[in-house]
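Novice: sequence-free structure coming up:
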């Protein structure tokens, strides 16, 4: 690939005269860099990539992209190597987010549940959907392991390209606050972004709740539609700079409301109200967040983002649940009477069964 094609859109401060014309890709780990690749020197939690350019040169790196001059390699200076890596990844993998309806889920708790529920709903609607998150990456029938909730930008773009090439039209991904703060999803265009909640966590990284919320809020400047938990006190802060349409849900406010809640030893029953349409829902176990997470999954994908003719559940193709939930894994989807939601013969974990949102 031509080096300047790879660097399209990257702000450049300086470029040395001896740069190669063509490169084979890019990498940010000096241990795995391959001959002909660009070494992007990013600053990590425990090490600075600028200290490893000699190792990258020994492994055959063609040049470096860095924040300051390096020795032994031709280099391109950029203001922010992490953002440069994200933009280069989009160029190299031909911007797969432009071929997918991309749904991002963020929040302190509930990302995995909402992402899997959303992917299951889309699959049950007959929509080929990829999934990326804490429990790995699902592309068709293949499940790839993941070390992080949201991988580095080069891996994110590569996985999305695999999803697009395998026939997926939609992709659901968990988006962590670390990924947002470290620009791992910089440049991605999300069709929908969903917010579950915010509580005291990861403050060793962010320092303060306001900084934590600011990191989460960045996702809502990259999306066309937002689905948020109206009950969470941080929702207004998350939406402060959001300019897109907002779809909210909750127990006490929002377009999608949970009413007439009945708590019992076997779980929670409630009525889901969306405008004038009502549906009875049953959730197990007996916790309030089990009411909110299906609400996020149901309200997250606005119906206009579904292909015409696929707005009723086919009852086929829902993915299995994560390994951690294996004892609740469904044996199959039953044909659904709902216009938007599937019903399972052997539901997880004993089940929420909406009948017509």
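Specialist: Good, I have the coordinates. This is a predicted model, so every value here is computed, not measured.
Novice: how many neighbours does residue 44 have?
Specialist: Neighbours of residue 44 under the rule other C-beta atoms under 10 Å: 12. C-betas here are computed from N, CA, C, even on glycine.
Novice: for the closest residue to residue 220 other than its chain neighbours, helix, strand, or coil?
Specialist: Excluding the flanking residues, the one nearest residue 220 by C-beta to C-beta, 6 or more residues apart in numbering is residue 242, at 4.1 Å. Put simply, residue 242 is coil when judged by DSSP: H, G, I helix; E, B strand; the rest coil.
Novice: least confident secondary structure element in this protein?
Specialist: Lowest on mean pLDDT, DSSP states H and E among the helices and strands of the chain sits strand 333-334, with a mean of 30.
Novice: where's residue 247, which helix or strand?
Specialist: strand 246-250 (DSSP states H and E).
Novice: quick one: mean pLDDT over the helix or strand that that strand is followed by.
Specialist: Next helix or strand after strand 246-250 toward the C-terminus (DSSP H and E): strand 256-264. Throughout strand 256-264, pLDDT has a mean value of 80.
Novice: and strand 256-264, what does it pack onto?
Specialist: strand 246-250, strand 267-274, helix 289-299 (3 or more C-beta pairs under 8 Å, 6 or more residues apart in numbering; DSSP states H and E).
Novice: mean pLDDT lowest where, among these?
Specialist: Looking at the helices and strands packed on strand 256-264, the bottom one is helix 289-299 with a mean of 54.
Novice: ok, now how distant is the residue nearest to residue 220 from residue 226?
Specialist: As for residue 242, its distance to residue 226 is 6 Å (criterion: C-beta to C-beta, to the nearest Å).
Novice: before we move on, what about residue 87?
Specialist: From residue 87 across to residue 226, the span is 24 Å (C-beta to C-beta).
Novice: residue 255: neighbouring residues, count only.
Specialist: 15.
Novice: pretty sure it is touching residue 248, no?
Specialist: Yes: contact criterion C-beta atoms under 8 Å: residue 255 and residue 248 qualify, at 5.8 Å.
Novice: mind listing the helices for this structure?
Specialist: 3-6, 53-58, 81-92, 111-124, 153-165, 177-181, 203-206, 209-217, 235-238, 289-299 (DSSP state H).
Novice: which among those helices is found nearest to residue 267?
Specialist: Counting by C-beta to C-beta, residue 267 lies closest to helix 289-299 out of the helices of the chain; the figure is 7.7 Å.
Novice: contacting residues for the residue nearest to residue 220?
Specialist: Counting by C-beta atoms under 8 Å, 6 or more residues apart in numbering, residue 242 touches 217, 220-221, 223, 226.
Novice: got it, and residue 177?
Specialist: Residue 177 sits next to 106, 202, 205-206, 212, 215-216 when contact means C-beta under 8 Å, 6+ apart.
Novice: then residue 50?
Specialist: Contact analysis of residue 50 by C-beta under 8 Å, 6+ apart lists 41, 43, 66-68, 70.
Novice: tell me the buried residues in stretch 47-67?
Specialist: Under the neighbour-count criterion of 16 or more other C-beta atoms under 10 Å, stretch 47-67 has 49-50, 52-53, 56-57, 59, 61-67 buried.
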